[in-house]
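# A structural model of the following input is requested.
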Amino acid sequence: MDIVRSILKDNFDYFMRQIKSETSFRKIHEILTTILDNAEALDTSKAKNLLSNQIPRAYVIIEYQNVRGQIYNDLRDLLIEMINDLLSAKEQNVKTLIRKARLLLDSLAVIAKEVG
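As a prediction, this is how the structure comes out:
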């Protein structure tokens, strides 16, 4: 948990309040990390194409968990902003953003596990 705290810094407590259940966040984490891992394994232009084709599924899952009250609006907004940044990234920046997004998602997964 100390590593996640150091990654999220002052936002750690804030994120602890954004996730209601581990299971609900796991669904979001699973779909997004699968997409990101697949995209990272490709060359940059193919990665951008894969993101464009696969990310809409993630939007649906995020909205579903938010409507169910399993994640709060602020976390939904953050995840949507992260996805939008990935989709609008220039090709030379996409791999860096994928790695940063993966780190954020994994950090949030640790928090979700702590929340239970």
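# OK, contacts around Glu22?
Neighbouring residues of Glu22 by Cβ atoms under 8 Å, 6 or more residues apart in numbering: 112-113, 115-116. In short, each C-beta sits where N, CA and C put it, glycine included.
# low pLDDT regions in this structure?
1-5, 7 (pLDDT under 70).
# can you give me the helices for the chain?
Counting by DSSP state H, the chain has helices at residues 2-8, 12-16, 22-40, 44-67, 73-88, 91-115.
# quick one, what contacts the residue nearest in space to the middle of the chain?
What sits nearest the mean C-alpha location of the chain, by Cα atoms, centre = their mean, is Leu105, with 4.3 Å. Neighbouring residues of Leu105 by Cβ under 8 Å, 6+ apart: 28-29, 32-33, 36.
# which of these lies closest to Ile19?
Nearest to Ile19 among the contacts of Leu105 is Ile28, at 9.4 Å by Cβ to Cβ.
# tell me the contacts of that closest one?
Ile28 is in contact with 58, 61-62, 65, 71, 79, 105, counting by Cβ under 8 Å, 6+ apart.
# re earlier: could you dump the contacts of Leu105 into a markdown table with distance to Thr96 added?
Listed next are the contacts of Leu105 as a markdown table, based on distance: Cβ to Cβ, whole Å:
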| residue | distance to Thr96 |
| --- | --- |
| Ile28 | 22 |
| His29 | 20 |
| Leu32 | 17 |
| Thr33 | 17 |
| Leu36 | 12 |
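# What subset of the residues you listed is buried?
Among these, the ones that count as buried by 16 or more other Cβ atoms under 10 Å are 28-29, 32, 36.
# and of those, the nearest to Leu75?
When the buried ones among the contacts of Leu105 are compared for distance to Leu75 (Cβ to Cβ), Ile28 wins out at 9.0 Å.
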